[in-house]
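Build me a model from this:
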Amino acid sequence: MTAILLAALAAPLATTTGAVAADGTVAGSKSLGATDIACGGSVPVTVTLDAQTGIAGNPVDIELVLDRSGSMQGAIGALKTAAKSFVDIIDEATDGTLDGVVANGSRIGVVSFADGATVDAPLSSNANAAKTAIDALNASGGTNHSAAISTGQAQLAGSVPGNDKVMVIMTDGQTTVGPDASPAAAAAKAAGTEIFGIGLGSVDAAEIRDWTTDPDATHYYEAPSPAQLQEVFEAIGAAIVVPAATGVTVVDTVSPQFTVSGAAASKGSVAQNANQLTWTISELSTETVTLTFTATHLPATGGGVLAVNPTVAYTDAEGHVVTFGNPTVNVRGCAAAIDVEPETEINELGTPGQTHTVTATVTDDFGAPVPNTAVDFSVLAGPNAGATGNGNTSAAGTVDFTYPATQGLAGLGQDTIRGCFTHAGGQLVCDDVLKDWVDTTPPVVTCEPTNNPGGGNVPPADNEDGFFILSATDAVDPDPQLFVSDSASSAVFGGFPSGTKIKLVQAPGATPNQKPGVGDIDWRITLKGDALVYGVDASGNKSAPVSCLVPPPPK
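Next up, the predicted model:
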């Protein structure tokens, strides 16, 4: 027969992507139990299949043939409830919506019988009309099964030629009026009608089995009491239903950034091979089924926005094409980046005990600080190459490194400072910064009177003899050079080391010159004007000139 897919009591469909086949719908979805987890944390995962049955193949006409004889007096209420429920099942099965309309070309009708049979609701798509006719049934009279089957078949025979035909006859007794119903049933079956029978209470089961389509196991049902009628009508629905899908296989491949545990299926079975789960279901009807498991993050793979199970493949015997969404989880707290500050800095060298401090900040993929991360520091190149240090990041994700500056000329230059942490996967993550140690301060220069080497006397305040000692000090250069320039000409003499003793002679008419001195006087310098003394260090810093006045001629 062309079967009916029932969507009884179907759960609401999730907002997912599904494909409609002739035998129903199957939709898939994936969901995660958390949007954010810690590095190394776990997230519950649910893979869901929403299945709905519907009319398969050609539309179907269904005729309900219901006993309203006097013996149904005590069961008529239960019959109405069960039969109306069956109508609702057909209503919803045809389009997935319980809206009072039997859709997609299928129809339903109602025939009732006692002494004779009547058409209470002609075949139509109006499910509400069928339920109204059922509600109007009253129990009285005898039981004419032949008239019941003939009247029902007449309705089906006059229906749309291309529709398949189904008759469901329900009775609580044996034939009391009219001829044997077997010939009418045989004629209906010969015309292509599939007959289901329900026997309530004490009935001639053999007689009803004779009416129904073979095999009896799927076409004849007994209800011991009116209370079972609902269950029996639903069972008939199940007997004539084509499943939404059969031979279902879902292969869920979990990302290698996670491990899988606790896999369980609400229906069917699940097998696990490392990070691959294979979920098999023999048959899906109108139902929602789930595969659940826990995905635990592997810190060594790093964090960020991760797809947990990006590949889920669905197959079934009916060829449904089902796709699944791809939700992601934010894995926070995995050390991902390091930033060392300041990026560049310039310091004046020269103060004893000078140090430089850099601060490393370790963050995750979202820029949040990561505490308790070991950071190694080193000065890779420059005047302080070889300096090292280490420490763990604080709650703010920071750790400092301080190293002392080398003093003197050897301390000038640019340091390259590196901070590194070891990623959980084993590779180093580093950041380099620069530190310039400079000397921009000129020497401090003095020109002080000194002794006359001939008399060895202490020079008077005005230093009439013209003997001077030149000195220069510098914070970085231990040996700055001194120069003596003539204020009245362009002549410059030097450079001299600090501590040089000179004899200055002013001779306006002479050519400025420099000659070796006598005794502990290093140089005799003759100038046209006064002497201007200045110093220059190794960095090229030049001091302001200091006047060194040439004395007047001796008295």
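
residue contacts, residue 283?
By Cβ atoms under 8 Å, 6 or more residues apart in numbering, the contact list for residue 283 reads 243, 245, 246, 248. The way it works is simple: take the backbone N, C-alpha and C, and place the C-beta from them, glycine included.

And those, which of them are buried?
Neighbour-count burial (16 or more other Cβ atoms under 10 Å) applied to these gives 243, 245, 248.

Mind checking which of these are in strands?
Among those, the residues falling in strands (DSSP state E) are 245, 248.

Return the member of the buried ones among the contacts of residue 283 nearest to residue 382.
Closest to residue 382 out of the buried ones among the contacts of residue 283 is residue 248 (67.3 Å), distances taken as Cβ to Cβ.

right, and the closest one touches residue 319 too?
No - in this structure, residue 248 is not within contact of residue 319 by Cβ atoms under 8 Å, at 11.7 Å.

for the chain, which spans come out with low pLDDT?
1-24, 53-58, 96, 237-242, 286, 454-465, 550-555 (pLDDT under 70).

and the lengthiest helix in it, what other elements does it pack with?
Across the chain, the helix with the greatest residue count (assigned by DSSP state H) is helix 76-95. With contacts defined as 3 or more Cβ pairs under 8 Å, 6 or more residues apart in numbering; DSSP states H and E, helix 76-95 has these neighbours: strand 60-67, strand 107-113, helix 127-135, strand 164-171, helix 229-240.

would you list the ones you listed in TSV and tack on distance to residue 261 and mean neighbour count?
Output for those, formatted as TSV (distance: least, Cβ to Cβ, whole Å; neighbours: other Cβ atoms under 10 Å):
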stretch	distance to residue 261	mean neighbour count
strand 60-67	47	27
strand 107-113	49	27
helix 127-135	48	20
strand 164-171	48	26
helix 229-240	36	19
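
Throw those into CSV and include distance to residue 473, thanks.
Below are the helices and strands packed on helix 76-95 laid out as CSV (distance: least, Cβ to Cβ, whole Å):
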stretch, distance to residue 473
strand 60-67, 111
strand 107-113, 113
helix 127-135, 109
strand 164-171, 114
helix 229-240, 106
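
Figure out which of the ones you listed is closest to residue 208.
Closest approach to residue 208 among those is made by strand 164-171 (7.1 Å; Cβ to Cβ).

helices or strands next to that closest one in the packing?
Under the contact criterion of 3+ Cβ pairs under 8 Å, 6+ apart, strand 164-171 touches strand 60-67, helix 76-95, helix 145-157, strand 193-200, helix 205-211, helix 229-240.

Pick the most deeply packed of those.
strand 60-67 (a mean of 27; mean count of other Cβ atoms under 10 Å).

Mind exporting the C-alpha coordinates of it to PDB?
This file holds the C-alpha atoms of strand 60-67, laid out as PDB (Å, rounded to 0.1, in the frame of the first residue of the first chain):
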ATOM      1  CA  VAL A  60      -4.400   8.600   0.600                       C
ATOM      2  CA  ASP A  61      -8.100   8.500   1.300                       C
ATOM      3  CA  ILE A  62      -9.000   7.100   4.700                       C
ATOM      4  CA  GLU A  63     -12.500   6.000   5.700                       C
ATOM      5  CA  LEU A  64     -13.400   5.500   9.300                       C
ATOM      6  CA  VAL A  65     -16.200   3.000   9.700                       C
ATOM      7  CA  LEU A  66     -17.500   3.200  13.300                       C
ATOM      8  CA  ASP A  67     -19.900   1.000  15.200                       C
END
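
what helices or strands is it leaning on?
helix 76-95, strand 107-113, strand 117-124, helix 127-135, helix 145-157, strand 164-171.

Just list the residues touching residue 360, thanks.
For residue 360, counting by Cβ under 8 Å, 6+ apart, the contacting residues are 338, 339, 340, 375, 377, 393, 398, 399, 400, 401, 419, 431.

let's go with 10 Å and repeat that
Counting by Cβ atoms under 10 Å, 6 or more residues apart in numbering, residue 360 touches 338-341, 373, 375-377, 391, 393, 397-401, 417-421, 430-431, 433.

now the strands: where do they sit in the stretch 201-350 of the chain?
For the stretch 201-350 of the chain, applying DSSP state E, counting those that start in this stretch gives strands covering 220-223, 245-253, 258-265, 269-273, 276-284, 287-297, 304-307, 311-315, 328-332, 337-341, 344-348.

Hmm, I typed the wrong one, I wanted the stretch 451-555 of the chain.
Under DSSP E, counting those that start in this stretch, the stretch 451-555 of the chain gives strands at 467-473, 481-486, 492-496, 500-506, 513-516, 523-527, 531-536, 546-548.

Quick check: buried residues in the first one?
Buried residues in strand 467-473, counted by 16+ other Cβ under 10 Å: 467, 468, 469, 470, 471, 472.

Repeat that for the shortest one.
Taking 16+ other Cβ under 10 Å as the neighbour-count basis, strand 546-548 is seen to contain the buried residues 546, 548.

swap in the fifth one?
Using 16+ other Cβ under 10 Å as the burial criterion, the residues of strand 513-516 that qualify are residue 514.

Can you list the helices and strands that that strand packs against?
Packing partners of strand 513-516 (3 or more Cβ pairs under 10 Å, 6 or more residues apart in numbering; DSSP states H and E): strand 492-496, strand 500-506, strand 523-527.

now swap in the shortest one and tell me
Under the contact definition 3+ Cβ pairs under 10 Å, 6+ apart, strand 546-548 sits against strand 444-449, strand 467-473, strand 531-536.

Same check on the third one?
Strand 492-496 sits against strand 467-473, strand 481-486, strand 500-506, strand 513-516, strand 523-527, strand 531-536, with contacts defined as 3+ Cβ pairs under 10 Å, 6+ apart.

how about the CA coordinates for the last one, as CSV?
Read it as strand 531-536. Only the C-alpha atoms of strand 531-536 are listed here, as CSV (Å, rounded to 0.1, in the frame of the first residue of the first chain):
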residue,chain,number,x,y,z
ALA,A,531,92.6,81.4,26.5
LEU,A,532,89.2,79.6,26.2
VAL,A,533,89.3,76.0,27.5
TYR,A,534,86.7,73.4,26.5
GLY,A,535,86.4,69.6,26.8
VAL,A,536,85.1,67.0,24.4
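
Between the two ends of stretch 209-217, what distance do you get?
In stretch 209-217, first residue to last residue: 9 Å (Cα to Cα, to the nearest Å).

Not counting that stretch itself, show me its contacts.
Residues outside stretch 209-217 that contact it (Cβ under 10 Å, 6+ apart): 1, 145, 148-149, 166-169, 171, 180-182, 184-186, 188-189, 193-199, 204-206, 208, 218-221, 239.

on that earlier part again, and the helices and strands packed on strand 546-548 as a markdown table, adding distance to residue 139?
Conversion of the helices and strands packed on strand 546-548 to a markdown table gives the following (distance: least, Cβ to Cβ, whole Å):
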| stretch | distance to residue 139 |
| --- | --- |
| strand 444-449 | 126 |
| strand 467-473 | 127 |
| strand 531-536 | 127 |
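
Could you pull up the contacting residues of residue 535?
Counting by Cβ under 10 Å, 6+ apart, residue 535 touches 442-446, 470-474, 477, 480-483, 494-496, 498, 541-546.

Got a ChimeraX select line for the buried ones in those?
Filtering the contacts of residue 535 down to the buried ones (16+ other Cβ under 10 Å) takes a single ChimeraX command:
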select :442,443,445,446,470,471,472,474,477,480,481,482,483,494,496,498,541,543,545,546
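
if we can go back for a sec, export the strands of the stretch 451-555 of the chain as JSON lines, with columns for distance to residue 126.
Shown next, in JSON lines, are these (distance: least, Cβ to Cβ, whole Å):
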{"stretch": "strand 467-473", "distance to residue 126": "112"}
{"stretch": "strand 481-486", "distance to residue 126": "115"}
{"stretch": "strand 492-496", "distance to residue 126": "117"}
{"stretch": "strand 500-506", "distance to residue 126": "123"}
{"stretch": "strand 513-516", "distance to residue 126": "128"}
{"stretch": "strand 523-527", "distance to residue 126": "128"}
{"stretch": "strand 531-536", "distance to residue 126": "111"}
{"stretch": "strand 546-548", "distance to residue 126": "118"}
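
May I have stretch 94-114 as CSV, with CA atoms only?
Output of stretch 94-114 as CSV, limited to C-alpha atoms (Å, rounded to 0.1, in the frame of the first residue of the first chain):
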residue,chain,number,x,y,z
THR,A,94,0.0,15.4,6.0
ASP,A,95,1.9,18.7,6.6
GLY,A,96,3.4,18.6,10.1
THR,A,97,0.7,21.0,11.4
LEU,A,98,-2.4,20.3,13.4
ASP,A,99,-4.6,22.9,11.7
GLY,A,100,-7.9,21.1,10.9
VAL,A,101,-6.8,20.5,7.3
VAL,A,102,-5.8,17.1,5.8
ALA,A,103,-3.2,18.4,3.3
ASN,A,104,-1.4,17.4,0.2
GLY,A,105,-4.3,15.7,-1.5
SER,A,106,-5.2,13.2,1.2
ARG,A,107,-8.7,13.1,2.6
ILE,A,108,-10.7,11.5,5.5
GLY,A,109,-14.3,10.5,5.9
VAL,A,110,-16.7,9.0,8.5
VAL,A,111,-19.3,6.2,8.0
SER,A,112,-21.2,4.9,11.0
PHE,A,113,-23.4,1.8,11.3
ALA,A,114,-26.0,0.1,13.4
